[in-house]
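Asker: here's a sequence, model it:
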Amino acid sequence: MRFVMLILWSGAALLVLSVAAVSPFAASDSSQNLIANPSVESQGTDPAIPLSWNKSGWGDNTVSHSYSKGGAQEGRHSLVVTITRYKSGDAKWYFEPVSVTPDRAYVYSEYYRSDVPTEIYLQVEDADGKLSHQFLGAAPKSKRWAEMVFHFTTPATTRKVTLFHAITGVGYLQTDNFILEPAQPLELTDGVPNASLEQAHEGTDAPAGWQTGNWGKNSAVFTYLKSGHTGRRSVKTEIKAYSDGDAKWYFDPQTVVGGQNYRFSDWYRSNVVTQVALMAVLEDGTTQYLGLAPAEPSRDWRRYSTKFLIPAGAVRASIFHVLGSVGYLIADDYSFVPSPTVGFNRPLVSLTFDDGWKSVREQALPILQRYKAPATDYILTGMVGLYPEYMNLADLRHLAEAGHQIASHSVKHSDLTKSRSRAVRREVRDSKKFLEKNGFGPILDWASPYGYSNTASTEAVKAIYRSQRSAQSGFNSKDDFDVYALKVQNIVLSTTAAEVQSWVEQAVRDKTWLILLYHEVDTNDHEYSTTPAQLESHLQIIKESGATIVTVDQALREILPQL
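Answerer: Next comes the predicted model:
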């Protein structure tokens, strides 16, 4: 089992809870149902328990199980479990474990209704009879019958499985009409199952090979539209009330090659800025997420496209095009394919330090000087000399005299994508004026606060700067170079030397420009800090690789004539 996402459909109270499969599959014919007595119409030896079914519970609670006659989703019988007093534990009905094929994709569905949120688990029995349990997700309460659909792949040692739909609080849960069956392969187009969204899951009005995810406090609604960019279908995500979290459609994770470059694209319409992220499944079953460039609002169909590196060790991946605010997003015609890199004349590495922290002058500079490594310091000018934690003008002059490049990072570190145009121009202009007035000019290069930018802020930057560095992960190559969206690899406290080594090796192999993004250099254990020992290990890795360390200014002077 890999990971879980909650699905909430619009329409006739249809709720779908889904677990992503490891390859693209559609639902198969229900004649392959592995569950005995799936409609629970046949009684067992005990008339209070249906044939081939069991009930269980644990913890400190008062529970009752009912084999109900009447009120079923279909037929006469259904299963009800009720808790009237609760401190801990859970209660559930479950079907007799069934034999399955190891490392095989399956589809599970059931209908339910409840007056409290409930939880779903997969129980796996391996070849030695050992049991393990995987939490799949939480189902929201639903007064009307709602369908849940799960896509999962059995672990390599699996012999039997069953599923628990458990109630974990005071309330009731009623379930009916269960299906567990092998999934059938779905054709790939441009690396995506059902890329144009034209094929529906058999027996449903949901796109085959696709899932949705929703977390946080928001009113996400997912719709399978009957119109599209091409063809007759597309998918829509809409949020009308928002506090936090996000919502998205995404295709079932596909097999990928870790350490290789891929390109993702789709066609979309939206009335707000939307985010895009890579979800990579690693060999050990854990997931890793990578933020990609955001997509700007567009009332008309617009193509989104971005290139990125699949993390080393990844075996499967999918892309989330995410709605994280009140608004809507419609998408269609997806592509997710390998994208060979065209490199420069030689690999380059730039070390950049954001904000102007004092620790860069006191802790980082001596180490950088030992390795003869010039760096670029993107300065938050409103903080210069204001607090002891930030550098003053004398510190900046010392860096410049040591061969560092001084560059601009705004005045107040405001999110320019949410600022008025006058405020954007002021942030962009005044930071440059401050630095040049104090003798650090010409200031040609800019790093956007938080790495955020949109068309309006980028146009303001273009008017007075040569480049804009983002915080989007990736490498800068000849085939995918945007001087106003320079990509980086972010260094945080948890970044390992092995990760840095893999980035450097990738840059050397492909002859790309690698920009490393640092903040503080100290031993305070902040998320965005790097210890002096870590910085030194990174410099040693770069030195041993043979890659040349240059400032952003030096890199651009070398690279731009090659384009």
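Asker: now do the helices in the stretch 451-563 of the chain.
Answerer: Remark: helices assigned in the stretch 451-563 of the chain by DSSP state H, counting those that start in this stretch are 455-464, 497-510, 532-545, 552-559.
Asker: counting contacts, what elements does the last one pack onto?
Answerer: Applying 3 or more Cβ pairs under 8 Å, 6 or more residues apart in numbering; DSSP states H and E, we find helix 552-559 packed against strand 348-355, strand 405-408, strand 445-447, strand 467-473, strand 513-518. Any C-beta I mention is one placed from the backbone N, CA and C, and that applies to glycine too.
Asker: let's go with 10 Å and repeat that
Answerer: strand 348-355, strand 376-379, strand 405-408, strand 445-447, strand 467-473, strand 486-490, strand 513-518, strand 548-549 (3 or more Cβ pairs under 10 Å, 6 or more residues apart in numbering; DSSP states H and E).
Asker: and among these, the most buried is which?
Answerer: strand 445-447 (a mean of 28; mean count of other Cβ atoms under 10 Å).
Asker: first vs last residue of stretch 305-325, how far apart are they?
Answerer: Using Cα to Cα, to the nearest Å, the end-to-end distance of stretch 305-325 comes to 22 Å.
Asker: buried residues in it?
Answerer: Buried positions in stretch 305-325, judged by neighbour count with 16 or more other Cβ atoms under 10 Å: 306-324.
Asker: quick one on the thing from earlier: need the helices and strands packed on helix 552-559 in JSON lines (columns: distance to Ala220).
Answerer: What follows is those, written out as JSON lines (distance: least, Cβ to Cβ, whole Å):
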{"stretch": "strand 348-355", "distance to Ala220": "33"}
{"stretch": "strand 376-379", "distance to Ala220": "36"}
{"stretch": "strand 405-408", "distance to Ala220": "38"}
{"stretch": "strand 445-447", "distance to Ala220": "33"}
{"stretch": "strand 467-473", "distance to Ala220": "25"}
{"stretch": "strand 486-490", "distance to Ala220": "28"}
{"stretch": "strand 513-518", "distance to Ala220": "32"}
{"stretch": "strand 548-549", "distance to Ala220": "45"}
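Asker: which one of the helices of the stretch 451-563 of the chain lies closest to Tyr268?
Answerer: helix 455-464 (15.4 Å; Cβ to Cβ).
Asker: what helices and strands are in contact with that closest one?
Answerer: Using 3+ Cβ pairs under 10 Å, 6+ apart, helix 455-464 sits against helix 421-437, strand 445-447, strand 467-473.
Asker: just the C-alphas of that helix, formatted as PDB.
Answerer: The C-alpha coordinates for helix 455-464 follow below in PDB (Å, rounded to 0.1, in the frame of the first residue of the first chain):
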ATOM      1  CA  THR A 455       2.900  37.900 -14.500                       C
ATOM      2  CA  ALA A 456       2.500  41.300 -12.900                       C
ATOM      3  CA  SER A 457       5.400  41.000 -10.400                       C
ATOM      4  CA  THR A 458       7.600  39.500 -13.100                       C
ATOM      5  CA  GLU A 459       6.900  42.400 -15.400                       C
ATOM      6  CA  ALA A 460       8.000  44.800 -12.700                       C
ATOM      7  CA  VAL A 461      11.200  42.800 -12.200                       C
ATOM      8  CA  LYS A 462      11.900  42.700 -15.900                       C
ATOM      9  CA  ALA A 463      11.800  46.500 -16.100                       C
ATOM     10  CA  ILE A 464      14.900  46.900 -13.900                       C
END
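Asker: begin at 51, not 1, for the rest of this chat.
Answerer: Understood, numbering begins at 51; the last thing we discussed is helix 505-514.
Asker: who touches that helix?
Answerer: 346-347, 458, 465-471, 474-479, 482-483, 493-499, 503, 515, 517-518, 532-535 (Cβ atoms under 10 Å, 6 or more residues apart in numbering).
Asker: for Pro611, the count of nearby residues, please.
Answerer: 8 (other Cβ atoms under 10 Å).
Asker: actually Ser385, not the one I typed
Answerer: Counted with other Cβ under 10 Å, Ser385 comes out at 18.
Asker: and the closest residue to it other than its chain neighbours, what are its phi and psi?
Answerer: Excluding its sequence neighbours, the residue lying closest to Ser385 (Cβ to Cβ, 6 or more residues apart in numbering) is Asp240, at 3.8 Å. Phi and psi for Asp240, reported as degrees, to the nearest 10, are phi 50, psi 40.
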